[in-house]
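[1] Below are the sequence and a predicted model; questions follow.
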Amino acid sequence: EFAKEDANLISSGFNSGETIVQIVGDSATTGPRLELKNKNTGANACSELLGTDAGGQSTAYLRFLHTDQTNNYGEISFGTRNVQGSPPAERVRITRSGQLLVNRTSSNDDEMFSVFTDSTSHEMINLRNNAASGTKDMITMIHVANSGDRVFMRFKRTGSVTNVGTIVTTASATAYNTSS
């Protein structure tokens, strides 16, 4: 164990890109481990790796959330800062059951992948096959700004400018459109 005051642990002047800290192990299974342990058992207890800028201000974090101390459940979250003077905000979370949440901290129902935005512009999720050939398949889901509850899903081949199909929903109807 290192004491915080250990002069060999805290160094300055390394600016050559060389390794500053190295943890080495020799195991046929799990190699070396870095353990961050928070001895607090409260509901909001966590451990964290924090990135800071040259002025010492936090810019991003990787947080290990101890969500249930009795059963040893945990979650991981990633945060970034985009407002001066405010701490990094959570952007992505992986829950104890494997759910991937983007811009939200809890899920609804049984969502395994959830993206949330409170944007006033077009909200979009894009799944794209980035194949090396000129043709790329794409599925895009868009909530069009200022359109009420209209949601638009587009299926497209990027080698052409036309959609292969669309699904458009409103509060009272769903339209399925295909090119076949």
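    The structure has been received and is ready for your questions.
[2] Enumerate every residue touching Tyr176.
    Neighbouring residues of Tyr176 by CB atoms under 8 Å, 6 or more residues apart in numbering: Gly165, Thr166, Ile167. For glycine as for every other residue, the C-beta is placed from the backbone atoms N, C-alpha and C.
[3] Closest one to Asn103 out of these, please.
    Ile167 (23.4 Å; CB to CB).
[4] coming back round to it: among the contacts of Tyr176, which ones are buried?
    Listed as buried from the contacts of Tyr176 are Thr166; burial here means 16 or more other CB atoms under 10 Å.
[5] I'd like the contacts of Tyr176 laid out as a markdown table, including secondary structure, distance to Asp26 and pLDDT.
    Below are the contacts of Tyr176 laid out as a markdown table (DSSP: H, G, I helix; E, B strand; the rest coil; distance: CB to CB, whole Å; pLDDT from 0 to 100):
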| residue | secondary structure | distance to Asp26 | pLDDT |
| --- | --- | --- | --- |
| Gly165 | strand | 55 | 77 |
| Thr166 | strand | 57 | 78 |
| Ile167 | strand | 55 | 81 |
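[6] Let's have the contacts of Tyr176 in CSV, adding distance to Ile76.
    Shown next, in CSV, are these (distance: CB to CB, whole Å):
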residue, distance to Ile76
Gly165, 36
Thr166, 36
Ile167, 33
